[in-house]
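>>> Take a look and give me a structure for this.
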Amino acid sequence: MKKIFLMLLLNIIHISAFADTTDVTKHLFFTFEGNIDKYPITINIHITNPDNITENKKSYIDGYYKYNNVNTPIPISGEMDKNTIKLTAFDYYNSDKKEEFSFKINSSQLNNIINLGNGKKNINLKGSWQNNNKKLSCNIETVKPLGDKIHTVYDISVSKEFKDNTYGLSALYIENLKSSIYEGKINKPK
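Now for the predicted structure:
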C-alpha cells in the first residue's frame, strides 16, 4: 500500500509541478450519538476543510440526523467553529418545519472530534434543539468515525490546460483505512 500511495503521490507531485491548478481538500466524517430530551438520536456529519476550525475560521457541515426509534434520515446543514456547532434541519415536504441544533464546544471536545482516529470517544456536548417555538435540551454523549471506520478523507486533484483542453488527475486517500481510490479502483494494503 505504501508503494501505491508513494507512486500516486509522486505522480501528483510531478503533474502539479506543471499544473495550472492543484487542490487538496480534507474531509471529516463522523457520528454523534446522544438524545433530544429523552429521545435517542444519531447525527452523521461531514465537515469540509476542518483545519479552518483550528485556524479560527468556520467550516461547512452537512449530513443527516435520525431518531433511533424511527430510523428516517433528516438532512442537516450548518457551520462549526472553535466554539460552536450550529445545525439546521429542513423538512422538504413542510417548509414551515425548521429544526435547529446549537452546541457550545471547548478545545478538548474539538480535539476529540478533529483527531478522532478509529475509536469511539466520550464527548459530552451540551446544547439545545429548537423546532419553531418548542425548545428542548440536546446532549451528545459520544463521537465515533462514520461506519466505525472512515474519518479523514483527502480529495487530491490537479489539472493542466493545454491547447484549449483541460487534463486532470484526481485521487482520494482514506486515512484510517490506509486506502486510496485511483482510476476508479480501491487500493488497500495487503
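
>>> right, and residue 45 touches residue 60 too?
No. Between residue 45 and residue 60 no contact is recorded; they are 10.8 Å apart, counting by CB atoms under 8 Å. In short, each C-beta sits where N, CA and C put it, glycine included.

>>> quick one, which of the two is more surrounded?
Shown here are residue 45 and residue 60; by other CB atoms under 10 Å, residue 45 has more neighbours (22 against 13).

>>> how distant is stretch 32-40 from the center of its chain?
Remark: stretch 32-40 is offset 20 Å from the chain centroid, using CA atoms, centre = their mean, to the nearest Å.

>>> which residues are contacting that stretch?
Residues outside stretch 32-40 that contact it (CB atoms under 8 Å, 6 or more residues apart in numbering): 41-43, 45, 67-69, 123, 125, 129, 136-144.

>>> State the distance spanning the first to the last residue of it.
End-to-end span of stretch 32-40 (CA to CA, to the nearest Å): 11 Å.

>>> Quickly note the distance from residue 165 to residue 22.
Using CB to CB, to the nearest Å, we find residue 165 at a distance of 18 Å from residue 22.

>>> Tell me which of these two has more neighbours.
Legend: neighbour count by other CB under 10 Å for residue 165 and residue 22, higher for residue 22 (16 against 7).

>>> right, and the helix or strand after the host helix or strand of the more buried one?
Using DSSP states H and E, the element containing residue 22 is strand 21-36. Once the chain leaves strand 21-36, the next helix or strand it forms, by DSSP H and E, is strand 39-48.

>>> How about the residue nearest the centre of the chain: which residues does it bridge to?
Centroid-nearest residue in the chain: residue 46, 2.4 Å away (criterion: CA atoms, centre = their mean). Legend: beta-bridge partners of residue 46 under DSSP bridges are residue 29, residue 62.

>>> and what of residue 85?
Going by DSSP bridges, residue 85 forms beta bridges with residue 80, residue 103.

>>> so who does the residue with the largest distance to the centre of the chain touch?
In terms of distance from the mean C-alpha position of the chain, residue 163 ranks first, at 37.2 Å (CA atoms, centre = their mean). Residues counted as contacts of residue 163 (CB under 8 Å, 6+ apart): none.
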